[in-house]
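>>> what's the 3D shape of this:
(2 chains)
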Amino acid sequence: MWLHTKGVKLKLLVAVIASFGFVLIAGNLQTNAAADITQEKITKIRGRCTENLAALNRLHQTDAFLRNDRGNLYRTISDRLMVPLNRRLAANRLDGGQLVNITADFNREYDKFYSTYIDYDNAMSDLLKIDCSKQPVAFYTALLETREKRTELSKINLKLKELIRQYGIKFVDFKTNFEKDEATSDGA
Amino acid sequence: MELNDTQETTAVRVVKRHQFVSAIIAAIVIALFLVYVALSLYQSSGTLQLDLSRPGYDSARKEAVSKNDEVFEGFSSEGGIDSAALKEFDELYRQKAAEALIDIDAFSGDVLSDKALSIE
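Residues are numbered from 1 along each chain as shown, chains lettered A, B, ... in the order given. The predicted model follows:
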């Protein structure tokens, strides 16, 4: 019984030490992120605060338009072009498997685009709330996070463009084969 | 128990005596609750981020309105497949793909770089 209690106590002790270790490491990582900010950078952040906030506000607005514009375009391509063609091919019992797969990938990627933009926009809104003249370190930390989210969004956007390109290529292949088959059957 | 009954009776008596005021208060409480639910959905669904009618988005709104004037019918999902149908799709797809693949570096991280913000 005593041994058992001792074992439990030991486990508890190890758990507590591990927790402290984790907190220290996590705290250290955060400090490292903040440690990148030199005194010179802090001075520059303070000095360029008004200009940078104005620029970020403009960017926030441009991004909102861009998000709407690109989003509408991507939805149009999927809902009014890809999906109807896939359905028509299926209704005519033609093999459009590759086109269907690309459409599925495209829709999956669009969902990511949708949620990543929300994350990015929230990060940008949080960044704009920080007074960079009073809290330059917090501002820079938030800027790094926003930058990371924007890069992620950019990658997804490029992936969507790549899928649009791929669908176009596969469609041309399909069209060429279809016309070739039609010519052959006409000749026969 | 007796005290509770007395309290309840008093509350009911107050509501009965001020029916009109009680109805207004109840209506306001219900309206506030529904507004809270609506705003929570507006924020959590991501509609907030896409809403260009927010204050400060005038220029973005004007640009979006002018672009949305064009109506794109798309490709019909009904009908047969022949060379003419494929040609029609080809033309429509090329048109939209050209718009999407235009060389805009949308959401590039460069604009948030230290260099762009002159804080390097």
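>>> can you list the weak-confidence ranges in chain A?
A:1-8, A:10, A:12-13, A:15-16, A:18-36, A:187-188 (pLDDT under 70).
>>> quick one: the helices in it?
Applying DSSP state H to chain A gives helices spanning A:2-35, A:39-47, A:49-76, A:83-91, A:97-129, A:136-187.
>>> which parts of the second one are buried?
Think helix A:39-47. Buried residues in helix A:39-47, counted by 16 or more other C-beta atoms under 10 Å in any protein chain shown: A:41-42, A:44-45. C-betas here are computed from N, CA, C, even on glycine.
>>> just to revisit the earlier point, mind putting the helices of chain A in a markdown table, distance to B:I30 included?
What follows is the helices of chain A, written out as a markdown table (distance: least, C-beta to C-beta, whole Å):
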| stretch | distance to B:I30 |
| --- | --- |
| helix A:2-35 | 45 |
| helix A:39-47 | 48 |
| helix A:49-76 | 33 |
| helix A:83-91 | 41 |
| helix A:97-129 | 30 |
| helix A:136-187 | 38 |
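>>> middle-most residue in chain B, spatially?
Closest residue to the average C-alpha location of chain B: B:T47 at 2.7 Å, with C-alpha atoms, centre = their mean.
>>> ok, and the closest non-adjacent residue to that residue?
With C-beta to C-beta, 6 or more residues apart in numbering or on different chains as the criterion, B:T47 has its nearest non-adjacent residue at 7.9 Å, and that residue is B:L41.
>>> What of A:L128?
A:L56 is the one closest to A:L128 (C-beta to C-beta, 6+ apart), at 6.0 Å.
>>> Might you report the residue contacts of that neighbour?
A:124, A:127-128 (C-beta atoms under 8 Å, 6 or more residues apart in numbering or on different chains).
>>> burial count for the residue in chain B positioned nearest to chain A?
Taking C-beta to the nearest C-beta, chain A has its nearest neighbour within chain B at B:G74, 2.7 Å off. For B:G74, the count of nearby residues is 18 (other C-beta atoms under 10 Å in any protein chain shown).
>>> From A:I156, how far out is it?
Noted for B:G74: a distance of 24 Å to A:I156, by C-beta to C-beta, to the nearest Å.
>>> Contact partners for the closest residue to chain B within chain A?
The nearest approach of chain A to chain B comes at A:R80, 2.7 Å away (C-beta to the nearest C-beta). Taking C-beta under 8 Å, 6+ apart, we find A:R80 in contact with B:72-75.
>>> between those residues, which is closest to B:L86?
When these are compared for distance to B:L86 (C-beta to C-beta), B:F75 wins out at 10.2 Å.
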